[in-house]
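Asks: Show me the folded form of this:
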Amino acid sequence: MFLLVLTDDELEKLIKAGEIVRRVLDYASSYVKPGLNVLDVCERLENMIIDLGGLPAFPCNVSINSIAAHYTSPPNDSAIIPQNSLVKVDVGAHVDGYIADAAITLSFNPDYDVMVDAVKAALNRAISMIRPGIKVSQISRSIEEVIRGYGFKPISNLCGHLLRRYILHGGKSIPNISGNYPWIVEEGDVFAIEPFATDGGGRVVEGSSTYIFSFVRNRAKGRFERKLLSFIRSHFRSLPFCTRWFKGFFNIDSVVDVLDRLNKNGSIYGYPVLKEVKGGLVAQAEHSVIVTGDGALVTTLGGRLN
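Replies: Residues are numbered from 1 along each chain as shown. The predicted model follows:
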C-alpha cells in the first residue's frame, strides 16, 4: 500500500482533503432536502470545507434533475430544491493544492432510487478494478456495462479525471462508455471517478448560463480587468471559481460584466451549465482514489471501499 511515488507530505494532504470532502458529503446527505435555497446549500458546504481546514477546489455544484453538472448558485440565487427531485451534490476540497473531489445523488422520489443504485454500483465496480497497469478502456467498459445492466444509459461526454496539484483535470480521463482509450493507470495517480447515468439520450449539452470559470492566461486590457485577473490568480490559481466568491471584494455587478469579457477574450474559461440532451434525469456518484501498488486508496471514503 505504501507509495514511493508520493511523498509522505503529499499523501497526508491528499488524505486530509479526502476526509474533509467525506465529512461534508456525510453532512449534505442529511441536510439537503426539498425546500432549501440552493444558494444556502452551496455556501454552507463551502464554508464547512474551510472550517475543516481546507479550501474549496471548485464551487459546490447542486445540479437538479436533468441538470448534470456545473450548476452553482450565482449571487442572489432564488432557486429552491423542488419536491420529488433528483439532486447531485458535488464538492471538492484542497489542502495546499492537493485535491479531493466527490459527489452524491440524493433521491427525493422512490422511483429514482434505482438510478442512484446504478451509479453507486458502477463506481464501486470501477474502484475495485483500479490497480497499476490496468487500461482505462477496461474500467470504462465495466462502468457502461453496470449502468446499462440497470436499464439506464451512461453519459457519453462526461468523464472521471486525473487530479494534479492545483489542477482539477490533469490529462488522463476515465470515460463512462466503452472505447479504445490510450491511458494506463499508474501507481501514484490520483483520480476522481464519476459515473453518470440517465434515462434520457445519454449525453449532455451546454446550457445558456455560465457561473463557474478558471484562469487561462492574462489578456486583460483595462485596469479593472488586470486587477480582477490578479485577484483570480492569487486566490484561485488555476482552480475553478464562481462569481459569488468576489462578494466583499468587488462590486458583483461589475464583476459579472468583466468576467463575461474575459471569458470571450480567452483570459478565463467558462464552464456552462450542462443539461441532459433529451431532458432526462441524471444521477452521479463520485470518489477520489490514490492508485497504490496493490489497488486503490479511496480518500473520500476514509481510505475504504464499500
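
Asks: need the helices for the stretch 201-306 of the chain, in chain order.
Replies: With DSSP state H, counting those that start in this stretch as the criterion, the stretch 201-306 of the chain has helices at 223-236, 252-264.

Asks: got the buried residues for the first one?
Replies: Buried positions in helix 223-236, judged by neighbour count with 16 or more other Cβ atoms under 10 Å: 224, 225, 228, 229, 231, 232, 236. C-beta here means a position set from N, CA and C on the backbone, and glycine is covered the same way.

Asks: what residue ranges in the chain are flagged as low confidence?
Replies: Under the criterion pLDDT under 70, the flagged ranges of the chain are 1-4, 302-306.

Asks: Scan it for its longest helix.
Replies: What stands out as the longest helix in the chain, according to DSSP state H, is helix 8-31.

Asks: For it, which outside residues touch it?
Replies: With contact meaning Cβ atoms under 8 Å, 6 or more residues apart in numbering, helix 8-31 is reached by 3, 6, 41, 44-45, 48-49, 52-54, 57, 89, 91-96, 98-104, 106, 190, 288, 290, 297-303.

Asks: Which of these fall within strands?
Replies: Among these, DSSP state E puts 57, 89, 91-95, 98-104, 106, 190, 288, 290, 297-298 in strands.

Asks: Buried ones in the longest helix of the chain, by neighbour count?
Replies: So for helix 8-31, counting by 16+ other Cβ under 10 Å, buried means 10-11, 13-25, 28, 31.

Asks: cool, and stretch 99-115?
Replies: Of the residues in stretch 99-115, those scored as buried under the neighbour-count criterion (16+ other Cβ under 10 Å) are 99, 100, 101, 102, 103, 104, 105, 106, 107, 112, 115.

Asks: distance between the ends of that stretch?
Replies: From the first residue to the last, stretch 99-115 extends over 27 Å; the measure is Cα to Cα, to the nearest Å.

Asks: For stretch 228-246, C-alpha coordinates in PDB please.
Replies: Extracted C-alpha coordinates of stretch 228-246, given in PDB (Å, rounded to 0.1, in the frame of the first residue of the first chain):
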ATOM      1  CA  LEU A 228      -9.600  41.200 -11.300                       C
ATOM      2  CA  LEU A 229      -7.200  38.700 -13.100                       C
ATOM      3  CA  SER A 230      -4.600  39.400 -10.500                       C
ATOM      4  CA  PHE A 231      -7.100  38.600  -7.700                       C
ATOM      5  CA  ILE A 232      -8.100  35.400  -9.500                       C
ATOM      6  CA  ARG A 233      -4.500  34.200  -9.900                       C
ATOM      7  CA  SER A 234      -3.600  34.900  -6.300                       C
ATOM      8  CA  HIS A 235      -6.700  33.500  -4.700                       C
ATOM      9  CA  PHE A 236      -7.700  30.500  -7.000                       C
ATOM     10  CA  ARG A 237      -4.600  29.900  -9.200                       C
ATOM     11  CA  SER A 238      -5.900  27.500 -12.000                       C
ATOM     12  CA  LEU A 239      -8.700  26.100  -9.900                       C
ATOM     13  CA  PRO A 240     -12.400  26.900 -10.800                       C
ATOM     14  CA  PHE A 241     -14.200  29.800  -9.100                       C
ATOM     15  CA  CYS A 242     -17.600  31.400  -9.300                       C
ATOM     16  CA  THR A 243     -19.000  34.900  -9.400                       C
ATOM     17  CA  ARG A 244     -20.300  35.000  -5.900                       C
ATOM     18  CA  TRP A 245     -16.800  34.400  -4.500                       C
ATOM     19  CA  PHE A 246     -16.000  38.000  -5.300                       C
END
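
Asks: Please consider this matter closed, and thank you.
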